[in-house]
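Asks: Whatever this is, show me its structure:
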Amino acid sequence: MLPSPPATTTAAPARLPSLTGLRWTAAFVVFAFHLHVAGILHGRTGDAARVLLGGGSAGVSFFFVLSGFVLAWSYRRRPGFHRARFARVYPLHLVTAVVTLLVLIPYEHSAAPPRPALLANLTLTHAWVPRPEYVQSLNTVSWTLSCEALFYALLPCLMAATRRLNPTGLWLSGAAATLVVAAGPAVLTAFAGRGAATWFFHWAPPGRLPEFVAGVVLARLVATGAWRFHPPLPAAAALAAGACVLAGFTPAPYRYAAATLPAFVVLIAAAARTDRSGRGSAAARPLTVRLGEGIGRSPSWTGLLWCVVPCRRGCAGPRDLMSAKSTSRPGPTNPVKDPTSVSRRVRPRREVLINIISVSRPRPRGRRAGRCAGRREPRSRRRPTGT
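Replies: Modelled structure (predicted):
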């Protein structure tokens, strides 16, 4: 450990409204990405979503980095930290789990998870198991809470370690976390295969931990004044948006964090500097901040929309939609081998029945085809009658 120099920090504001507003923006992008995956967006809107929202899953990485930054920024040594985080997150998770069961079970009995997966979900350990019925059990976005539970448990140790580091040590720690995110997928792919790397750096809490560590280190760099790169907030936001679009064309598992982590770090630092200087921003508007505060209480409630919207469209629920999303991202969490099976399963029953009848009925040929279809034959093809 490197000794820490005398602190030269400036007083940090109690709130960072721009970061709170950006939390809502990122949540909206992730939800729009789910609509795109569910096939709800069609036509030109669907084409635009395919380009703009293809990397929407990287928005989860923004939440992890932001979580590390905000928690480290406002962290104070107190014995009730874990109890406070539990009271903030778990009750809403339990409520959304119950509501999800009430929505899914009457619609499709097979959507109910097995008992071991249900127990893992309620104990926030389901993201540790590389099986879709565990990771995507009940509220499908609650796997992020399983990651956050690990982050909360390690935060006191991370804060104790980073407070003992000088700026050089902080920069080295941030570079190490970024290197793990960027090069870790390639290393794990070489040893365990692409499927294992995709699961580990997408769903597994240890695989998402470096992003949280990057946020913690960034908070210490900004608080100590060691962060010297200060682009305007609009430019940083444009950089992050471009990185998200680029992530849509990046293969898994690099699309989940490696393609966007540097841009997210720059955006969060720029927003924090804007708030510290007292300048306003579009992300700090009162309505945006209120929406961001609602997201910050717990991301569990967004899973209700992820369950209700597809069901109202006549789909088979979030498990089939998760299968559709996984077909483009091979890994151990991919439960579907035939991509066309998803589209067949989510069709309305009336459409499937019509298709079955039309396939099973023999198709007439020749002149009989025109008569059976209700069309008269052209005059040139009619049989001449005797005079």
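Asks: Now for residue 235, how many residues are close by?
Replies: 12 (other C-beta atoms under 10 Å). Every residue, glycine included, has its C-beta placed from N, CA and C.
Asks: Residue 185: which element?
Replies: helix 167-192 (DSSP states H and E).
Asks: just checking, what packs against that helix?
Replies: helix 194-202, helix 205-224, helix 261-276 (3 or more C-beta pairs under 8 Å, 6 or more residues apart in numbering; DSSP states H and E).
Asks: pLDDT below threshold where in the stretch 1-150 of the chain?
Replies: 1-14, 104-111 (pLDDT under 70).
Asks: what are the ranges of the helices in it?
Replies: 17-37, 43-52, 59-73, 81-107, 115-122, 132-135, 143-162 (DSSP state H, counting those that start in this stretch).
Asks: Can you say which of the ones you listed is nearest to residue 283?
Replies: When the helices of the stretch 1-150 of the chain are compared by C-beta to C-beta, helix 17-37 sits nearest residue 283, at 3.3 Å.
Asks: Which positions in that closest one come out as buried?
Replies: 17-27, 29-37 (16 or more other C-beta atoms under 10 Å).
Asks: swap in stretch 135-146?
Replies: Buried residues in stretch 135-146 (16+ other C-beta under 10 Å): 135-146.
Asks: got it, and stretch 220-232?
Replies: 220-224, 227.
Asks: With stretch 202-211 instead?
Replies: 202-205, 207-211.
Asks: Find the residue closest to residue 270 in space, skipping its chain neighbours.
Replies: residue 236 (3.8 Å; C-beta to C-beta, 6 or more residues apart in numbering).
Asks: May I have the predicted confidence score for the one you found?
Replies: Residue 236 carries a pLDDT score of 93 in this model.
Asks: Repeat that for residue 219.
Replies: pLDDT at residue 219 comes out at 95.
Asks: so it touches residue 66, yeah?
Replies: No. Using C-beta atoms under 8 Å, residue 219 makes no contact with residue 66, being 10.1 Å away.
Asks: tally of neighbours for residue 49?
Replies: 20.
Asks: Identify the residues contacting it.
Replies: 32, 35-36, 41 (C-beta atoms under 8 Å, 6 or more residues apart in numbering).
Asks: circling back: same list, the helices of the stretch 1-150 of the chain, but as TSV with distance to residue 249 please.
Replies: Shown next, in TSV, are the helices of the stretch 1-150 of the chain (distance: least, C-beta to C-beta, whole Å):
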stretch	distance to residue 249
helix 17-37	14
helix 43-52	9
helix 59-73	16
helix 81-107	33
helix 115-122	33
helix 132-135	25
helix 143-162	24
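Asks: Between the ones you listed, which one is closest to residue 266.
Replies: helix 59-73 (10.8 Å).
Asks: could you say what helices and strands the closest one packs with?
Replies: helix 17-37, helix 143-162, helix 205-224, helix 261-276.
Asks: Select, out of the ones you listed, the one closest to residue 176.
Replies: helix 205-224 (8.2 Å).
Asks: following that closest one, which helix or strand comes up?
Replies: Heading C-terminal from helix 205-224 (DSSP H and E), you reach helix 233-247.
Asks: residues making contact with that next one?
Replies: So helix 233-247 is contacted by 18, 29, 51-52, 54-59, 62, 231, 255-256, 259-260, 262-264, 266-267, 269-271, 274, 281, 283 (C-beta under 8 Å, 6+ apart).
Asks: returning to what we had before: among the helices and strands packed on helix 167-192, which comes closest to residue 168?
Replies: Per C-beta to C-beta, nearest to residue 168 of the helices and strands packed on helix 167-192: helix 205-224, 10.9 Å.
Asks: Now do the closest one against helix 261-276, angle only.
Replies: Angle of helix 205-224 versus helix 261-276, following axes from the mean of the first three to the mean of the last three C-alpha atoms, to 10 degrees, is 40 degrees.
Asks: residues contacting residue 182?
Replies: Contacts of residue 182 (C-beta under 8 Å, 6+ apart): 254, 258, 261.
Asks: Residue 210 and residue 241, how far apart?
Replies: From residue 210 over to residue 241 the distance is 23 Å, taken as C-beta to C-beta, to the nearest Å.
Asks: actually residue 95, not the one I wrote
Replies: Counting by C-beta to C-beta - residue 95 and residue 241 are separated by 33 Å.
Asks: Residue 15 now?
Replies: 25 Å.
Asks: Could you check which of those two is surrounded by more residues?
Replies: residue 241 (16 against 13).
Asks: before we move on, back to that, of the contacts of helix 233-247, select the buried ones using a ChimeraX command.
Replies: Here is the ChimeraX command that picks out the buried ones among the contacts of helix 233-247, judged by 16+ other C-beta under 10 Å:
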select :18,29,52,54,55,56,57,58,59,62,255,256,259,260,262,263,264,266,267,269,270,271,274,281,283
